[in-house]
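Colleague: all I have is the shape, not the residue letters:
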């Protein structure tokens, strides 16, 4: 079983900490636990000197060291090669969002926090931790000249005049619709130009073809179930290739995608492999 995500809650308001704790404890997927609470940045830093966690749920405006200063200190430690937790900011003020993302925060949640938004942020945290672990495994020896992460580990998206790189490890599925491809993560959807076949050629080892119009991350397939064929007509395309109404459930977003007749056996095999 995957270890629970260990979380440190940092907020100077006791009621805010209590609410965050209750939200975390109500979330069953991903599994998570509150390792500790702190009322100030100084208390949090002192706790982290002797303990470890995966994620800090961090308020911005606090007495003494504020959340941004605390996060900046963690970023400097990370740049120096020390293992540091990831950060999700939780604050009543939206004005600091840009600075927060400059500090590589996973997310920026505004109070009152909805459980769905927190769950999406926790899912992204798990994906980032998986990506970090994969990079460490792929890290070359000091004498090597190959980069630990290549362009193949990202999908580049044109988003309103700017380019954005989405880690492939965060992608739940690619779905072809008309002339475009939808990329879905736990918290966002993006539209790409290009063909699904090109994405399969680049990233096929990480994804499972469930239908001629859909590639699903192998780790994101949670369930195979028989549904009415008409539920998935938008993927069928009228070619009658839906396997007796089979569909897969996608983790984190609780969506169902149609499975073509020829891919049902492959999906069953992938699910069986997850249980090994």
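Modeller: Cool, the structure landed. Just so it is clear, the structure is predicted and the values come from calculations on it, not from any experiment. Residues are numbered from 1 along each chain as shown.

Colleague: mind listing what's buried along stretch 48-66?
Modeller: Taking 16 or more other C-beta atoms under 10 Å as the neighbour-count basis, stretch 48-66 is seen to contain the buried residues 48, 53, 54, 55, 56, 57, 58, 59, 60, 62, 65, 66. For the C-beta atoms, the positions are set from N, CA and C on the backbone; glycine is no exception.

Colleague: closest to residue 129 among these?
Modeller: Nearest to residue 129 among the buried residues of stretch 48-66 is residue 54, at 6.1 Å by C-beta to C-beta.

Colleague: in terms of contact, does that closest one touch residue 122 like I think?
Modeller: No. In terms of C-beta atoms under 8 Å, residue 54 does not count as a neighbour of residue 122; the distance is 9.7 Å.

Colleague: residues shared between the contacts of the two?
Modeller: Residues touching both residue 54 and residue 122 by C-beta atoms under 8 Å, 6 or more residues apart in numbering: residue 5.

Colleague: that older thread, what is the most widely separated pair among the buried residues of stretch 48-66?
Modeller: The widest separation within the buried residues of stretch 48-66 (C-beta to C-beta) is 22.3 Å, between 54 and 66.

Colleague: just for the chain, where's the confidence low?
Modeller: Within the chain, the set of residues satisfying pLDDT under 70 comprises 1-2, 79-82, 132, 134-152, 159-162, 228-244, 274-276.

Colleague: pull the longest helix from it.
Modeller: Ranked by residue count, the top helix of the chain under DSSP state H comes out as helix 115-138.

Colleague: show me which residues of that helix are buried.
Modeller: Counting neighbours by 16+ other C-beta under 10 Å, one finds that the buried residues in helix 115-138 are 117-129, 131, 134.

Colleague: how far away from the center of its chain is it?
Modeller: Relative to its parent chain, helix 115-138 has a centroid offset of 5 Å by C-alpha atoms, centre = their mean, to the nearest Å.

Colleague: tell me the first helix or strand C-terminal of it.
Modeller: For helix 115-138, the succeeding helix or strand toward the C-terminus, using DSSP states H and E, is strand 154-159.

Colleague: parallel or antiparallel, which strands does that next one pair with?
Modeller: Listed by DSSP bridges, the sheet partners of strand 154-159 and their directions read strand 162-167 (antiparallel).

Colleague: re the thing from before, quick check, nearest of the buried residues of stretch 48-66 to residue 9?
Modeller: Comparing every one of those with residue 9 (C-beta to C-beta), the shortest separation belongs to residue 57, at 4.9 Å.
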